[in-house]
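> Predicted structure and sequence below. I'll ask about it afterward.
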Amino acid sequence: MNDLTNKLKHKYVHLVLGSKGGIGKTYITCYLTEYLKSVNQMLTVVDTDTANTWLKETKYYNTVPFPLFDSDNLISFERMPEIFRTFQDRNIVIDTGANSYSAWYEFLSNGGDEEIQVYGSKLIIHVPVTSGSSFNECIKCLEQLVEKNFNCRYAIWLNNSVSPKSDPLTEDDFCAQQVYDMMHRPVFITQLPRCNPLQRKLVNELHDRHYALSELANATDDELGSYTLFDRPAGKAEKLRAQYYLNQILSSFDNDICSCCFSIEHLFNLECREDEA
């Protein structure tokens, strides 16, 4: 992994956004955070998804809960600038819920993308695209965002872990969509690997226990006993399985998926070259 801390002149707001629930936004927030930590990016994770408490209850991510309710207890975009003012000295990863998508869309449509720039950050919108029955709705959401021509870059996550019984989603499936041709800025694609049954069982157990994948993968042999998995102390087999799957995920961020699209790593390398120009 490269150390990007000293290469980038700008801070980034990573907004994980999607109009449908259950497509992996929180998992993507977690994996993105683990990747950014692995390349020594200083950041804060902000959770605006009040319907899902898992992220803030997982201590590894040190998440800051930030509900977006107004005085009438309705989700409103009016509190969103407070996030960027509060954490303007660092990179931010923001997890959102499907119930707040409309508010985020309204915020961006009313100049929020430019307001983020005022606080010295660049905006990257991370959009999950899943296989199966949710595919069309994910594409529709992306089309709605792209049509507004926001001042941002897009990272597209082909998330095959949500629908294990569907055919795997490939870069060709995405690039064949009209929305790909609509994008004016470079598109960056990360393809999440599909879990095998043992990996899925482990990931689900980690989720239930509020452990991050990195915690188990990086635990020393002495620390393993402090992690309870499957109603017993974790063992070396679970650690090795966590290491293997984590390496699969992180390495997928660093590889070209196809000739016309780039990985998350290439996104930052392009930003570095633009900063130097």
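Cool, the structure landed.

> quick one: the strands in the stretch 151-277 of the chain?
Ranges of strands within the stretch 151-277 of the chain are 153-159, 187-192, 228-229, 232-233, based on DSSP state E, counting those that start in this stretch.

> Mean pLDDT lowest where, among those?
Across the strands of the stretch 151-277 of the chain, strand 187-192 has the smallest mean pLDDT, namely a mean of 77.

> helices and strands around that strand, which ones?
Secondary-structure packing of strand 187-192 (3 or more C-beta pairs under 8 Å, 6 or more residues apart in numbering; DSSP states H and E): strand 153-159, helix 171-175, helix 236-252, helix 264-276. Every C-beta, even on glycine, is put in place using the N, C-alpha and C of the backbone.

> what's the least confident stretch among these?
Looking at the helices and strands packed on strand 187-192, the bottom one is helix 264-276 with a mean of 57.

> element containing Ser102?
Assigned by DSSP states H and E, Ser102 falls within helix 101-107.

> May I see the buried residues of that helix?
Within helix 101-107, the residues scored as buried using 16 or more other C-beta atoms under 10 Å are 101, 103-105, 107.

> Give me the residues contacting it.
Defining contact as C-beta atoms under 8 Å, 6 or more residues apart in numbering, one finds that helix 101-107 is touched by 15, 17-19, 68, 75-77, 80, 96, 141, 144-145.

> List the ones among these that fall in strands.
Counted as lying in strands by DSSP state E, out of the contacts of helix 101-107, are Leu15.

> list the contacts for Met183?
146, 154.

> 10 Å - rerun?
Neighbouring residues of Met183 by C-beta atoms under 10 Å, 6 or more residues apart in numbering: 142, 145-146, 149, 153-154, 156.

> which of those count as buried?
Using 16+ other C-beta under 10 Å, the buried ones in the contacts of Met183 are 142, 145-146, 153-154, 156.

> right, and the pair among those with maximum separation?
Greatest spatial distance in those: Leu142 and Arg153, 13.2 Å, computed using C-beta to C-beta.

> Overlap in contacts, the two.
In contact with both Leu142 and Arg153: 125, 183, using C-beta under 10 Å, 6+ apart.

> returning to that earlier point: now distance to Ile249 too, for the strands of the stretch 151-277 of the chain, in a markdown table please.
Listed next are the strands of the stretch 151-277 of the chain as a markdown table, based on distance: least, C-beta to C-beta, whole Å:
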| stretch | distance to Ile249 |
| --- | --- |
| strand 153-159 | 11 |
| strand 187-192 | 7 |
| strand 228-229 | 19 |
| strand 232-233 | 25 |
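
> Tell me which of those strands lies nearest to Gly112.
strand 153-159 (15.4 Å).

> Can you list the strands that the closest one pairs with?
Strand 153-159 pairs in its sheet with strand 121-130 (parallel), strand 187-192 (parallel), by DSSP bridges.

> and of those strands, who's closest to Glu238?
Glu238 lies closest, by C-beta to C-beta, to one member of these: strand 187-192, at 20.6 Å.

> what residue ranges in the stretch 1-150 of the chain score low on pLDDT?
The stretch 1-150 of the chain contains residues with pLDDT under 70 at 1-9, 40.
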